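Novice: 3D, please:
(chains A and B)
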Amino acid sequence: MVDVAVIGAGQTKFGNHALGLKGMWAESTENAFASIDGDFDPSMVDEAFIGSIAFGGGQIGNTAALLTEHTGMDNIPVRRVENACASSGFAFRDAWMAIKSGQADIVVAGGIEKMNDLTPERKRFWLGVSGDTEWERLAGLTFPGTYALMARRHFHEYGSVHDDLVNISVKNHMHGLDNEFAHIRKDVSFEKAQSGFMVADPLTLYDCCPTSDGASTVILAADHVAKKLTDDPVWVLGSGAGSDHLALHDRPSITQLIATQRAATSAYDQAGITANDIDLAEVHDCFTIAELMATEDLGFANRGEGGIFAREGRGRRNEGQVTINPSGGLKSKGHPLGATGTGQIVEVFKQLRGEVEASRQVRDANTALTHNVGGSGATCSVHVFGRDLK
Amino acid sequence: MSSNQCIDWQGNLACLQPSGLVLKSRHTVQGKHVFGPDSDYTTLAISGLELLSEETEINQINFDSQIDSFVMQACGYSLDKEATWNLICDSDSASISICKNELVSWDVSGTEMDEELFTKMNDAWKEEMNAVSQGAFISEQSYRSGGPSRMNFNSQSLGEIRIWPPREMIGDQRPIAAEPMKKSGKIESWTKLSAGGAPSEFSLRAPILGGICTVFVRLDEGPCGVFLIADDEDLEPVIGNSVTFAVRKIYAQDGLIRYGLKALLS
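Specialist: Numbering: from 1, shown residues only, chains lettered A, B, ... in the order given. Predicted coordinates:
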């Protein structure tokens, strides 16, 4: 079967953008096209998948057609992919499957979200549209609340403490400090992160990612095409995905995400590797507790030991076996919902090719992972990438 | 009932008498009984009927238009103008009586509530009634179809497994309707959301209350659920502690008050 490579990747800065959807998508896609080493033209793209929640409802229908017509991909099959915050992780998986199936040779996967052009009141309506509206929202829950429930339960079951989450926040802000694409680039001290404003007890402001505008674009190609367009492809070694009950109260446990475990198992199996082989991982830290649980669900830490993993700083850049969120993660880089998944892949593409700022480069980076979660864990995609085909 | 018996019941004050009961809100302003942050005549009515039902089976009752008939129906009480039981709202205070015959009056002192808080909450509820959804919302149809589960813990069963909230499953996984579950459980986790972290449906009242508290509860019959704290009590929940449940107002939108079960901390 055909192998699939990422041959180009680009994004906008995540944060508050003056640009609208079309402008952000154009900038992101132009950056991705420009990153392709060989002679490439947008008309070579066979199909496109664009992840977005369509936050705010401004362009909830036919989003992909609107965006691709402005970037030279006229008349090809396109569609918006929606799986909450995991939208573009799944758009990437769809693109990978389109090539794997033999139906396409070059496919664009991307994501986009415009979140900061709404009134605060309108924004509050949209934050939380991906939970169980009828049973969770009626109980006053948005995602800070659901993740806070997970955090307190994890503390209770495993003895993790809020300072473990503080360590994750401090690490991710440190990682994002030199990332030119990051939304929040500031050094956050342990003491400052400890004393943040309470958002959803026990989660403070420093446990929560920001709401960001942004777009990200990734170009995938079949092996025979990839080799003509670049000498330095990043190979997709495994693509896994899973789902779980939407509502927290329907799950057997609220201290682990089954969807992550299923997605990771599948991706590792395809790649023929284990968590021990991963050099860097872009992990979905919409809240610090999400990263703590992900380190367990992805196999970097034993069950219940995510707190110890964070406490010992084992995810810091170039300090442990694996660097967790070298981009700064959602916490620092930002979280433009639909753009986050492919934004993670942009980081991995550049890290594996040695193209990030020298201060951010993970040493000897050969194998990487991206982990993109929808909502409180109802959907998840995990991808494994390598410089070499196994 | 041979004599009057006065007790605290679901956050209210109840006086059981041989021919019925009087139920008052425990909150007072300048000595007058007023509704708490999430109570009204309907929540008092359900609370009173649940207390009476421990000794007497009541299915039909005569009640006036100040009571939400959908909530009554969802909790198993239907309107019958000829019923022997009458539910009477006291228009001068937050009090109801449920009786076959005339009851004796009952004076009891409540807990004085901050008058400014009371006024702000009342104003917020009135404003909330006119709020219009701008995004995710629970339609009136969804709210009504889930009413018996939301207000009475009506559930389903699949073999030995109890299912709540009800799910639309198919094939061999198709559950059957089961008896309502007991209204008790244990706290497995909890959070208090700041005003800024709460859903927009609560945006008018959450700042007044200093946030809203949600508990994750494993019900005694197995299923789990998330619930707001009744009466917006400023108490810190404790994992492992028992809770019971009572019907309260949740939020208002598009001219409709949504009711549901909220957790009473022990």
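Novice: which residues in the stretch 251-390 of chain A form strands?
Specialist: Ranges of strands in the stretch 251-390 of chain A, per DSSP state E, counting those that start in this stretch, are A:280-282, A:323-324, A:367-374, A:379-386.
Novice: right, and residue A:246 touches residue A:377 too?
Specialist: No. At 9.1 Å, residue A:246 does not count as touching residue A:377 under the criterion of Cβ atoms under 8 Å. Any C-beta I mention is one placed from the backbone N, CA and C, and that applies to glycine too.
Novice: so between the two, which is more surrounded?
Specialist: Neighbours were counted for residue A:246 and for residue A:377 using other Cβ atoms under 10 Å in any protein chain shown; residue A:377 has more, 29 against 20.
Novice: please list all residues in contact with that one.
Specialist: Contact partners of residue A:377, counting by Cβ atoms under 8 Å, 6 or more residues apart in numbering or on different chains, are A:244, A:251, A:257, A:258, A:259, A:260.
Novice: from chain B, how far off is it?
Specialist: As judged by Cβ to the nearest Cβ, to the nearest Å, residue A:377 and chain B stand 14 Å apart.
Novice: count the residues that sit near residue B:221.
Specialist: Going by other Cβ under 10 Å, the residues that sit close to residue B:221 add up to 17.
Novice: kindly report the same for residue A:274.
Specialist: Count around residue A:274 with other Cβ under 10 Å applied: 11.
Novice: ok, it - contacts?
Specialist: A:268, A:299.
Novice: confidence score at it?
Specialist: Residue A:274 is assigned 98 on the pLDDT scale.
Novice: equivalent analysis for the one 4 residues further on, please.
Specialist: Looking at residue A:278, its pLDDT reads 98.
Novice: distance of it from chain B?
Specialist: Distance of residue A:278 to chain B, given as Cβ to the nearest Cβ: 30 Å.
Novice: still on that earlier bit, need the strands of the stretch 251-390 of chain A in JSON lines with distance to residue A:15 and mean neighbour count, can you?
Specialist: Converted to JSON lines, those look like this (distance: least, Cβ to Cβ, whole Å; neighbours: other Cβ atoms under 10 Å in any protein chain shown):
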{"stretch": "strand A:280-282", "distance to residue A:15": "18", "mean neighbour count": "28"}
{"stretch": "strand A:323-324", "distance to residue A:15": "22", "mean neighbour count": "28"}
{"stretch": "strand A:367-374", "distance to residue A:15": "20", "mean neighbour count": "29"}
{"stretch": "strand A:379-386", "distance to residue A:15": "24", "mean neighbour count": "28"}
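Novice: please see if the helix or strand containing residue B:70 touches chain A.
Specialist: Assignment of secondary structure by DSSP states H and E places residue B:70 within helix B:69-74. No. Figure legend: helix B:69-74 not in contact with chain A (Cβ under 8 Å from any Cβ of the partner chain); closest approach 14.1 Å.
Novice: now do that helix: distance to the chain's middle.
Specialist: Offset of helix B:69-74 from its chain centre (Cα atoms, centre = their mean, to the nearest Å): 12 Å.
Novice: show me what counts as buried in that helix.
Specialist: B:70, B:71, B:72, B:73, B:74 (16 or more other Cβ atoms under 10 Å in any protein chain shown).
Novice: show me what the next helix or strand after that helix is packed up against.
Specialist: Using DSSP H and E, the helix or strand that follows helix B:69-74 towards the C-terminus is strand B:78-79. Packing contacts for strand B:78-79, counted by 3 or more Cβ pairs under 8 Å, 6 or more residues apart in numbering or on different chains; DSSP states H and E, involve strand B:60-63, helix B:69-74.
Novice: partners of strand B:78-79 in the sheet?
Specialist: The partner list of strand B:78-79 in its sheet, established with DSSP bridges, is strand B:60-63 (parallel).
Novice: re the thing from before, what is the nearest of the buried residues of helix B:69-74 to residue B:84?
Specialist: Nearest to residue B:84, judged by Cβ to Cβ, of the buried residues of helix B:69-74 is residue B:72 at 16.3 Å.
Novice: now do the same contact list for the closest one.
Specialist: By Cβ under 8 Å, 6+ apart, the contact list for residue B:72 reads B:42, B:45, B:46, B:61, B:63, B:78, B:79.
Novice: how about the secondary structure of residue B:167?
Specialist: coil (DSSP: H, G, I helix; E, B strand; the rest coil).
Novice: residue A:144 now?
Specialist: helix.
Novice: what's in contact with the helix or strand containing residue B:44?
Specialist: Residue B:44 belongs to helix B:41-52 when assigned by DSSP H and E. Helix B:41-52 has contacts (Cβ under 8 Å, 6+ apart) with B:9-12, B:14, B:16, B:20-21, B:23-25, B:58, B:61, B:63, B:66-68, B:71-72, B:75, B:77, B:87, B:89, B:94-96, B:98, B:151, B:246-249, B:259.
Novice: show me these that map onto helices.
Specialist: With helices taken from DSSP state H, the overlap with those comprises B:71, B:72, B:151.
Novice: need the residues of the stretch 51-200 of chain B near chain A, please.
Specialist: Checking the stretch 51-200 of chain B against chain A by Cβ under 8 Å from any Cβ, the hits are B:133-138, B:142, B:146, B:150, B:165, B:167, B:188-194, B:196-200.
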